[in-house]
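Asks: structural data only, the sequence is not supplied:
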């Protein structure tokens, strides 16, 4: 990399775009999020992602290895904020577990549905089942276990046999992730109202 007039010269851009304030990698992730959710993952080429991010395709590989890495990062970004919040809720024993479970459900739905793109819809891609996305599945499994721990700490959950607790956890977690389909069909629905209604329904499934 050279310099011109004391300024660093970066990799060439395919076209001038307004400065978003994002790093090149984050620009690629934003472009991939838009294209994967509007055009489809299989139909989106690396060239299209690079051009949408305002850079040349060859430059893209300086920041990411390809579409799979972008998809893996996007998937994990839908789970890690909820997991961080879930860990805080698990550590907070000053409130009843049912209140904390409700908070987790509501916050998780808000995070899944509150972004500019319906990234949760990418969960359904067949490519996501492959070993390449083991990191996403590990984080998702940890989040699901946090749901299970909070459910088990409620009076209703504590009275359940293990198999029944596992089933209730599956149902609650399935409801939360299933909101991506409802939100996709009615994107105008206020997310906060939707999130609270879903959290209420989740606690009814939990027996609270």
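Replies: All right, it came through fine. All values reported here derive from a predicted model rather than from experimental measurement.
Asks: please report phi then psi for the nearest residue to residue 97 once chain neighbours are set aside.
Replies: Of all residues not flanking residue 97 in the chain, residue 153 sits nearest, at 3.5 Å (C-beta to C-beta, 6 or more residues apart in numbering). From N, CA and C alone the C-beta is placed, and that goes for glycine too. Main-chain dihedrals, residue 153, degrees, to the nearest 10: phi -80, psi -10.
Asks: please tell me how far residue 60 sits from residue 32.
Replies: 10 Å (C-beta to C-beta, to the nearest Å).
Asks: correction: the previous question concerned residue 87.
Replies: 28 Å.
Asks: with neighbour numbers in mind, choose between those two.
Replies: residue 32 (27 against 13; other C-beta atoms under 10 Å).
Asks: what's the longest helix in the chain?
Replies: helix 162-185 (DSSP state H).
Asks: quick one: whatever helix or strand comes next after that helix to helix 162-185, angle?
Replies: Downstream of helix 162-185, the next assigned helix or strand under DSSP states H and E is helix 191-206. In terms of direction (axes from the mean of the first three to the mean of the last three C-alpha atoms, to 10 degrees), helix 191-206 departs from helix 162-185 by 160 degrees.
Asks: returning to what we had before: so for the longest helix of the chain, what gets flagged as buried?
Replies: Buried residues in helix 162-185, defined by neighbour count with 16 or more other C-beta atoms under 10 Å: 165, 168-169, 172-173, 175-177, 179-180, 183.
Asks: report the central residue of the chain.
Replies: Taking C-alpha atoms, centre = their mean, the centroid of the chain lies closest to residue 78, which sits 1.0 Å from it.
Asks: so residue 79 sits against residue 140, correct?
Replies: Yes - between residue 79 and residue 140 a contact is recorded at 5.3 Å, counting by C-beta atoms under 8 Å.
Asks: so which of those two has more stuff around it?
Replies: Shown here are residue 79 and residue 140; by other C-beta under 10 Å, residue 79 has more neighbours (26 against 21).
Asks: circling back: what's the overlap in contacts for residue 60 and residue 32?
Replies: Listed as contacting both residue 60 and residue 32 by C-beta atoms under 8 Å, 6 or more residues apart in numbering are residue 49.
Asks: point out where the protein drops to low pLDDT.
Replies: Where the chain drops to pLDDT under 70, the residues are 1-20.
Asks: go again with 80.
Replies: 1-20, 183-188 (pLDDT under 80).
Asks: so it: which segments form each domain?
Replies: 15-67, 78-206 (automatic domain parsing).
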